[in-house]
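In: The following block contains a protein sequence and its predicted model.
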Amino acid sequence: MAGRIEDYALIGDMQTAALVCRDGTVDWLCLPRFDSHAIFAGLLGTEEHGFWRLGPAHASDAEPPTAARRTYRGDSLILESEWDTPRGTVRVTDFMPPRDGAPQLIRIVEGVSGRVPMRSTLRMRFSYGRVVPWVHKHEGRTVAVAGPDSVWFDTDCETYGKSLTTYADFTVAPGDRIAFTISWEPSHKQPPPLPEPEQSLTATEDFWREWVEHCTYHGPYREAVIRSLITLKALTYAPTGGIVAAPTTSLPEDIGGVRNWDYRYTWLRDAAITLSSLLRTGYREEARAWREWLLRAVAGDPENLQIMYGIAGERELGEAELDWLPGYENSGPVRVGNGAAHQLQLDVYGEVTEALHLGHMTGLARNDYASLLQLKLIRYLERHWDEPDEGIWEVRGPRRHFVHSKVMAWVAVDRTIKLIESGDADGPLERWRELRDDIHRDVCEKGYDKERNTFTQSYGSKELDASLLLIPQMGFLPPDDKRVIGTIEAIQRELSTADGFILRYPTSGGDEGVDGLPGDEGAFLACSFWMADDLAMIGRVDEARKLFEKLLSLRNDLGLLAEEWDPRLQRQVGNFPQAFSHVPLIDTALRLTASGAYGG
């Protein structure tokens with residue numbers, strides 16, 4: 001069985017990523033891209049679906065020992081895990097060097113004390129665990145081939161095959177360093193170059209050190225902010241600038257349930273808010289690359305704006321189920337692709353426009369086509385803002401007039417008016433000012449419950465929605481407006497878990513609710529950060545700080561967060577690590593730092 005979600009570490013090369021468990025097992029790796037087929041899919045199945053374990057030898061493969069300590073080396077994505085055994089202590093260093101050629105996963109074993117027997121167990125299964133490759137020797141190297149893929153395994157240790165698995169047994173003493181590398185290459189091409197593990201380790205450490213030096217945040221939450229920024233950088237697909245929501249698919253929001261989705265794509269919403277966090281902390285190059293990705297993805301067809309695209313701008317993300325995988329802790333189905341790609345989510349226009357506006361305000365070099373795109377998006381919204389949609393949470397039930405969607409339509413118009421007023425674009429200023437007023441009036445009249453003094457999830461509904469917390473953050477209403485304060489307090493009463501975290505919206509257990517799905521879900525971590533932000537904005541800064549630091553305590557030992565927190569099971573759930581959790585962590589840290597609301 002795979003480990004708990006929080007038992008995993010992330011390593012990656014800004015084109016794909018691997019998850020490494022506490023016991024030294026790589027249970028998830030897609031090659032050569034985030035959205036490629038997995039060669040290790042044990043995370044969503046069993047060991048028969050592929051894994052690579054490297055750690056102290058033990059009597060039973062069923063219960064491998066877990067590392068006594070693990071950490072990232074400084075401010076990097078280089079993982080160091082240490083085991084204390086009766087025979088001594090050993091360290092394994094795992095990393096993926098930023099690539100300019102074949103993708104590599106490198107693992108270096110180092111003896112610390114004593115003499116420790118070790119074992120590498122490599123079971124490659126292509127196509128998400130479905131295909132057993134042909135493994136053979138080629139000029140002294142081990143290669144696994146199936147269809148278009150080949151994976152090359154290099155080490156100075158002797159290896160042997162047994163039960164369709166490649167093993168290496170060896171012993172390390174103090175000062176010994178033994179490296180293992182897997183490299184991917186299309187099967188029709190020449191073998192990848194022989195790896196140079198030590199040189200690659202130095203280059204990888206230099207890369208991350210230099211990248212982190214650009215961070216402009218130096219406040220009290222720097223450790224949490226830096227780790228979140230590194231995670232966001234790791235989720236960026238370097239060749240195009242696209243940003244994946246998470247490097248995994250089908251990690252469940254409800255253990256044992258059906259709320260399992262593929263997040264290895266670029267959501268415009270997630271990428272836009274990621275861009276804002278990067279800009280606020282000094283990373284303009286990533287912001288520029290994302291803007292270029294956006295312009296290519298949307299191209300000349302903004303009226304058919306999708307909510308998500310492939311990492312190179314692909315539009316077709318057809319959803320399918322992998323019925324040979326039982327799912328993480330039997331949470332099926334396992335899905336690849338995402339059928340929500342063609343939903344209508346009007347809020348996306350607001351998020352994209354806000355990101356372009358922020359880039360403009362922070363001095364990102366002017367791009368005339370970006371301004372033209374913004375004007376085209378508003379012309380579309382002018383005709384469609386008053387239609388129902390699927391909303392921010394991608395409900396699979398009927399369309400509704402979601403309040404958050406209308407608020408973000410207002411944001412899109414407001415930011416475009418500001419662009420025109422600055423003199424950097426031309427447009428029908430008076431007409432769009434009237435449009436902005438019309439949307440604002442519509443929301444306040446139809447999306448507000450006067451009796452309860454709260455905005456509601458959708459027009460005419462009684463349900464609440466945590467996305468309403470963004471109303472003051474987007475400037476739709478000032479923080480001291482009684483309707484804003486009433487909404488914050490209503491969400492605290494009705495959408496808060498026993499430990500103070502925030503649900504997205506009410507779910508209905510075994511019945512289908514507003515989202516068209518059975519089952520429940522955990523507290524959505526982004527929403528809980530939004531609550532901390534709002535509390536700070538309305539002057540309840542001590543309460544905001546306490547909630548924020550409580551949220552920080554949910555991170556795993558390496559500072560990583562999944563999408564949600566299950567208050568019943570007291571564990572992380574959902575795809576991991578999740579950009580939509582780490583972005584608001586950064587934003588809330590910045591806000592609390594600016595307000596002076598921090599402990600110590």
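Out: Good, I have the coordinates. Numbers count the residues shown, from 1 in each chain.
In: gap between the two ends of stretch 568-584?
Out: 24 Å (CA to CA, to the nearest Å).
In: Help me confirm that Pro117 is found in a strand?
Out: Yes. Residue state for Pro117 (DSSP: H, G, I helix; E, B strand; the rest coil) corresponds to a strand.
In: Pro186 bridge partners, please.
Out: Beta-bridge partners of Pro186, counted by DSSP bridges, are Asp149.
In: Neighbours of Leu592, how many?
Out: Neighbour count for Leu592, taken as other CB atoms under 10 Å: 24. For the C-beta atoms, the positions are set from N, CA and C on the backbone; glycine is no exception.
In: show me what contacts it?
Out: Leu592 makes contact with 221, 532, 536, 541, 544-545, 548, 598, according to CB atoms under 8 Å, 6 or more residues apart in numbering.
In: Put the buried members of these into a ChimeraX selection.
Out: A single ChimeraX command selects the buried members of these (16 or more other CB atoms under 10 Å):
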select :221,532,536,541,544,545,548,598
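In: residues touching the closest residue to Ala102 other than its chain neighbours, list them.
Out: Leaving out its chain neighbours, the residue that sits closest to Ala102 by CB to CB, 6 or more residues apart in numbering is Pro192, at 3.7 Å. By CB under 8 Å, 6+ apart, the residues touching Pro192 are 101-102, 104, 152, 183-185.
In: Tell me the one of these nearest Ser200?
Out: Nearest to Ser200 among the contacts of Pro192: Gln104, at 7.0 Å, using CB to CB.
In: What's opposite the closest one in the beta bridge?
Out: Applying DSSP bridges to Gln104 yields these beta-bridge partners: Ser183.
In: for it, what are its contacts?
Out: 13, 96-97, 181-183, 192, 195, 200.
In: which among the residues you listed gets closest to Gly350?
Out: Asp13 (32.9 Å).
In: Burial check on Arg91, number of neighbours?
Out: 19.
In: let me redo that: Arg441
Out: Neighbours of Arg441 (other CB under 10 Å): 10.
In: still on that earlier bit, any chance of the contacts of Gln104 in JSON lines with secondary structure as columns?
Out: As requested, the contacts of Gln104 are exported to JSON lines (three-state DSSP):
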{"residue": "Asp13", "secondary structure": "coil"}
{"residue": "Met96", "secondary structure": "coil"}
{"residue": "Pro97", "secondary structure": "coil"}
{"residue": "Thr181", "secondary structure": "strand"}
{"residue": "Ile182", "secondary structure": "strand"}
{"residue": "Ser183", "secondary structure": "strand"}
{"residue": "Pro192", "secondary structure": "coil"}
{"residue": "Pro195", "secondary structure": "coil"}
{"residue": "Ser200", "secondary structure": "helix"}
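In: among those residues, who's most crowded?
Out: Counting neighbours by other CB under 10 Å, Ile182 leads those with 28 neighbours.
In: What separation do you get for that one and Trp152?
Out: In this view, Ile182 and Trp152 are 7 Å apart by CB to CB, to the nearest Å.
In: all helices for the stretch 51-200 of the chain, in order.
Out: 126-129, 197-212 (DSSP state H, counting those that start in this stretch).
In: of all the contacts of Pro192, which comes closest to Gly74?
Out: Gln104 (20.8 Å).
In: Test my guess that Arg296 contacts Gly313.
Out: Yes. Arg296 lies in contact with Gly313 (CB atoms under 8 Å); the separation is 5.2 Å.
In: Looking at those two, which is more packed in?
Out: Between Arg296 and Gly313, Gly313 has the larger neighbour count (other CB under 10 Å), namely 18 against 14.
In: Tell me the buried residues in stretch 90-107?
Out: 90-99, 102-107.
In: Please apply the same query to stretch 107-118.
Out: Under the neighbour-count criterion of 16+ other CB under 10 Å, stretch 107-118 has 107-112, 114, 116, 118 buried.
In: returning to that earlier point: quick check: which of the helices of the stretch 51-200 of the chain is nearest to Gly24?
Out: Of all those, helix 197-212 comes closest under CB to CB, at 16.8 Å.
In: Measure how the next helix or strand after that closest one sits relative to helix 197-212, angle-wise.
Out: Next along the chain after helix 197-212, taking DSSP states H and E as the criterion, comes helix 222-234. Orientation of helix 222-234 against helix 197-212 (axes from the mean of the first three to the mean of the last three CA atoms, to 10 degrees) gives an angle of 110 degrees.
In: Buried residues in helix 222-234, which are they?
Out: 224-234.
In: can you list those residues in CSV and add pLDDT?
Out: Supplementary listing: the buried residues of helix 222-234 in CSV, determined by pLDDT from 0 to 100:
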residue, pLDDT
Ala224, 98
Val225, 98
Ile226, 98
Arg227, 98
Ser228, 98
Leu229, 97
Ile230, 98
Thr231, 97
Leu232, 96
Lys233, 96
Ala234, 97
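In: closest to Ile78 among those?
Out: Closest to Ile78, out of all of the buried residues of helix 222-234 and judged by CB to CB, is Ile230, at 10.6 Å.
In: residues in contact with that closest one?
Out: By CB under 8 Å, 6+ apart, the contact list for Ile230 reads 72, 75-77, 208, 211-212.
In: Quick check: the farthest pair among those residues?
Out: Tyr72 and Trp211 (13.5 Å).
In: Lowest-confidence entry in the contacts of Pro192?
Out: Among the contacts of Pro192, Gly101 has the lowest pLDDT, at 87.
In: how close does that one get to Leu194?
Out: Plainly put, Gly101 is 12 Å away from Leu194 if you go by CB to CB.
In: re earlier: what's the closest of the buried residues of stretch 90-107 to Arg288?
Out: Pro98 (18.3 Å).
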